[in-house]
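Visitor: Here you go, sequence then predicted model.
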Amino acid sequence: MMTRAILLLAAAAAVSCKPSTRSGSASTAKPDDGAAVQKWLEAPAATRGTPPAAELTKAQAETVIAKLAAERQAELAKERKAEINEKAITIDGKTLKWLEKEFGKAEPGKRSLWISMHGGGGAPPAVNDQQWQNQIRLYQPEEGVYVAPRAPGDSWDLWHQGHVDPLFVRLIEGMVAVRGVDPNRVYLMGYSAGGDGVWQIAPRMADRFAAASMMAGHPNESKLDGLRNLPFAIFMGGNDAAYDRNKIAKAKGEELDKLNKADPKGYVHMVRIYEGMGHWMNLKDAESVPWMAKFTRNPWPEKIVWYQDDVTHDRLYWLQIPAGSAKAGQRITATPKGREITIEGDVPAGLTLHLSDTLLDLDQPLSVKVNGKTVHEGKVPRTIAAIQQGLTSRPDASQCGSATLVLK
């Protein structure tokens, strides 16, 4: 979903720091005494030009990320201020409007964001408008910006069409830059058709949220694989039998039980089937709010399970595939352990690893195996080019790596 300009910049940055796929000389980047890096960093942003091709230390990388991320956030705050204040974002002719309330007090940079999707769908606009107006009144977090967006359309699949994802990305980025939201404390929830949306959006955008809750929705064709690192709650009335929602919710809960048993550090979940209740749960599902608030996003998970739904993405956490290479049903797992990263599944050529010392020690040589074959051995240097690439594609300091490795 990046523009052509961003893709060209990202490609240039990746080439500039692309290491060899075998041990030995890993990069054209050379160790630096810090003077060139410091001089470049202290120059006005508009006059900096090409960054020095220096291999950064961990401390230097942290300094560069903090500086460049702060500058990028300042730029975004200016760019996005009007649309955040107007509570309306338009991309490619689709507009996302929202209502909002703010709860509690938190310092800028520490505020939480709650995105709560309304029900309705397959109905006249007036009906969906009523559902939207109702959604802003449903839940009350102790702290945070609580947002009830209006779906851009009125079809039955209100919230899981492809245009929703980039609108939510832009909403989150704008709230971070303009309103001081912590990108690691963004929560997703939705009721009825909004719950349908949670089933779909949460797995495919799992790296954007700290936790998600589904209320009275139907999953349709969505799968649970991508929820490995996203705490997920299911709320359903025991008598909500339309489209077998109650039976499917129970089955999905059991599936999450099995996934968690097989992978105890993943697939954290909570399931509530309220016996005797129908589609409306009399706000018993509000227990989702304090449950979700306990979690913060881990930007550098120790294992990634990436399953592409019919709406595809080019990036999940620290994995990025070339634009246009994603296809529905594609599944990739990636697991770092010690100084080795193991990647399995339908792995396209050109897979990029965004690497950080949070994930593994970049001062040590790294081995990468793809489907049992070693494709890289050696150090992957920290570089300014890699940091620029990361912040261009995703302006989020907490998810910004200091090194990139492009696999052949």
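Guide: Thanks, I have it.
Visitor: only C-alpha atoms for contact and neighbour calcs from this point on.
Guide: Will do.
Visitor: low-confidence ranges in the protein?
Guide: 1-33 (pLDDT under 70).
Visitor: and with 50 instead?
Guide: Residues of the chain meeting the criterion pLDDT under 50: 1-26.
Visitor: what are the ranges of the helices in it?
Guide: 4-16, 35-42, 58-86, 125-135, 164-179, 193-204, 245-262, 288-293, 384-393 (DSSP state H).
Visitor: Can you tell me the closest non-neighbouring residue to Gly109?
Guide: Gly180 (4.3 Å; C-alpha to C-alpha, 6 or more residues apart in numbering).
Visitor: what's the one you found in contact with, if anything?
Guide: 107-111 (C-alpha atoms under 8 Å, 6 or more residues apart in numbering).
Visitor: for Val305, same thing?
Guide: Shown in contact with Val305 (C-alpha under 8 Å, 6+ apart): 225-228, 331-334.
Visitor: If you rank those by neighbours, which is first?
Guide: Among these, Leu227 has the most neighbours (other C-alpha atoms under 10 Å), with 28 neighbours.
Visitor: That one contacts His269, doesn't it?
Guide: No. Taking C-alpha atoms under 8 Å as the definition, Leu227 is not a contact partner of His269, at 9.3 Å.
Visitor: need the contact list for Gln60.
Guide: Here Gln60 is in contact with Gly34 (criterion: C-alpha under 8 Å, 6+ apart).
Visitor: Now find how far off-centre stretch 347-356 is within its chain.
Guide: On the basis of C-alpha atoms, centre = their mean, to the nearest Å, stretch 347-356 sits 16 Å off its chain's mean C-alpha point.
Visitor: rewinding a little: of all the helices of the chain, which one is nearest Ile234?
Guide: helix 245-262 (6.9 Å; C-alpha to C-alpha).
Visitor: quick one: buried residues of the closest one?
Guide: 245-250, 252-253, 256-257, 259-260 (16 or more other C-alpha atoms under 10 Å).
Visitor: What is the burial count for Ile234?
Guide: Ile234: 24 neighbours (other C-alpha under 10 Å).
Visitor: That one and Gln161, how far apart?
Guide: 21 Å (C-alpha to C-alpha, to the nearest Å).
Visitor: now Glu377
Guide: Distance from Glu377 to Gln161, counting by C-alpha to C-alpha: 41 Å.
Visitor: mind listing what the residue lying closest to Glu275 once chain neighbours are set aside touches?
Guide: Excluding the flanking residues, the one nearest Glu275 by C-alpha to C-alpha, 6+ apart is Gly238, at 4.4 Å. Contact analysis of Gly238 by C-alpha under 8 Å, 6+ apart lists 246, 273-278.
Visitor: Looking at neighbours, which among those residues is most surrounded?
Guide: Going by other C-alpha under 10 Å, Asn246 tops these with 25 neighbours.
Visitor: Identify the residues contacting it.
Guide: 236-240, 273.
Visitor: change it to 6 Å
Guide: The contact partners of Asn246, by C-alpha atoms under 6 Å, 6 or more residues apart in numbering, come to 238, 240.
Visitor: How much space separates it from Gly237?
Guide: Noted for Asn246: a distance of 7 Å to Gly237, by C-alpha to C-alpha.
Visitor: ok, now Arg48?
Guide: In terms of C-alpha to C-alpha, Arg48 sits 59 Å off from Gly237.
Visitor: Settle it for me: which of those two has more neighbours?
Guide: Remark: of Arg48 and Gly237, Gly237 carries more neighbours, 24 against 12, as counted by other C-alpha under 10 Å.
Visitor: With distance to Trp291 added, can I get the buried residues of helix 245-262 in a markdown table?
Guide: Listed next are the buried residues of helix 245-262 as a markdown table, based on distance: C-alpha to C-alpha, whole Å:
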| residue | distance to Trp291 |
| --- | --- |
| Arg245 | 22 |
| Asn246 | 21 |
| Lys247 | 23 |
| Ile248 | 22 |
| Ala249 | 18 |
| Lys250 | 19 |
| Lys252 | 19 |
| Gly253 | 16 |
| Leu256 | 17 |
| Asp257 | 18 |
| Leu259 | 20 |
| Asn260 | 18 |
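Visitor: Can you tell me which of the residues you listed is nearest Tyr146?
Guide: Minimum distance to Tyr146 across these is 25.7 Å, recorded for Ala249 (C-alpha to C-alpha).
Visitor: Quickly note the distance from the closest one to His279.
Guide: Per C-alpha to C-alpha, Ala249 is found 12 Å from His279.
Visitor: Check Gly121 too.
Guide: Applying C-alpha to C-alpha to Gly121 and His279 gives a distance of 15 Å.
Visitor: Ok, Leu351 next?
Guide: Separation of Leu351 from His279 (C-alpha to C-alpha): 43 Å.
Visitor: same question, Val375
Guide: According to C-alpha to C-alpha, Val375 stands 52 Å off from His279.
Visitor: that older thread, for the buried residues of helix 245-262, which two are the farthest from each other?
Guide: Top of the distance list for the buried residues of helix 245-262 (C-alpha to C-alpha): Arg245 and Asn260, 22.2 Å.
Visitor: domain parsing for this structure?
Guide: For the chain, the structural domains run 4-43+50-79+301-406, 87-293, going by automatic domain parsing.
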